[in-house]
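Trainee: With the input below, show me the fold.
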Amino acid sequence: MEHGWGAQDISAPKRVDLPDVPVEKDMVLEDVQSGFVGAVVRVEKSGGLHVMVLEDRRGKQRTFRLGHGFLLDGQPVHVVAPILRTATTPSRTASGSVRVEGVRARTARASRIWVEGQHDAELVEKVWGDDLRLEGIVVEPLHGIDDLAGAIRAFDPGPQRRLGVLVDHLLPGTKEARIVRQAMTVPGAHHHVLIVGHPYVDVWQAVKPAALGLGAWPVVPRHQDWKTGILAGLGWPHQDKAAIAHGWKRILAGVTTYADLEPSLLGRVEEVIDFLTAPAGPR
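Mentor: Numbering: from 1, shown residues only. Take a look at the predicted model:
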């Protein structure tokens, strides 16, 4: 692993007016001197000093000492040690619920939350993961809903085996709306399956632009792949799958709590969780 001790050792004098930003796992930073961009994979002490390890989209890692000489979302910041939690007030999960300490995760229920893709699953896990583990609910990506009816039929829903499905771009008159109508005709679906959706073409758009320091998401031409267009509009690498994966990592790193997500997604996920955890009715 290559080591570099940060631009603060040999670059411009210390800037005292920069905001202090506590380092966090998955935070994406750029070292000003070398141009190295990577997500924080761990923070540790070396020789009595805090250092962080950044990993770029190719898996290359470099170690930097905390301090000045870094950009976060294009803005210079002073990276400082992580903030230690105190026990004076109840801590909260990313979803806003009070964190329950000392309780083991519940054995997984037969019920499931299905989402369209891996990015949807990672976003739900980041915000609601603590709550879902406490409830024993597993989130699974479908990788598309073209055969949603067949997937529900194979799942065989029932009173103790409920299913919540979160669908992208679920608007009247869309292909997605037709697929959902057909899926709800599967035996058992009417009582034991809840399908909800958000209006966005892709779950990326459910992240508030302000969480990334943006005023709005770039406008993507109709003929262009949405993810590629977003990254191109942001001036980020977008030429292949690896670049898109790294772009998503940067976006996901901007999400720390439910407040970073649009209400149209928040409400639907909470609705699904309530449906899956409600007491089961008679068989």
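
Trainee: Which pLDDT value goes with the residue nearest to residue 146 when sequence neighbours are not counted?
Mentor: Take residue 146 and drop its neighbours on the chain: the residue closest to it by Cβ to Cβ, 6 or more residues apart in numbering is residue 179, 7.1 Å away. Heads up, the C-betas are built off the backbone N, CA and C, glycines and all. According to the prediction, residue 179 has pLDDT 96.

Trainee: which SS state does residue 179 fall under?
Mentor: helix (DSSP: H, G, I helix; E, B strand; the rest coil).

Trainee: for it, what are its contacts?
Mentor: 145-146, 148-149, 167 (Cβ atoms under 8 Å, 6 or more residues apart in numbering).

Trainee: what's the farthest-apart pair in those?
Mentor: Within these, two members stand farthest from each other by Cβ to Cβ: 149 and 167, at 12.9 Å.

Trainee: which one of those two has more residues nearby?
Mentor: residue 167 (23 against 18; other Cβ atoms under 10 Å).

Trainee: if I look at residue 25, how far off is residue 164?
Mentor: Distance of residue 25 to residue 164, computed by Cβ to Cβ, to the nearest Å: 28 Å.

Trainee: Please report how far residue 17 lies from residue 70.
Mentor: Where residue 70 is concerned, residue 17 sits at a distance of 15 Å (Cβ to Cβ).

Trainee: Ok, residue 278 next?
Mentor: 46 Å.

Trainee: And these two? Which one has more around it.
Mentor: For residue 278 versus residue 70, neighbours defined as other Cβ under 10 Å are more numerous around residue 70 (26 against 9).

Trainee: Three-state assignment for the nearest residue to that one once chain neighbours are set aside, please.
Mentor: With Cβ to Cβ, 6+ apart as the criterion, residue 70 has its nearest non-adjacent residue at 4.8 Å, and that residue is residue 29. Following three-state DSSP, residue 29 is assigned to strand.
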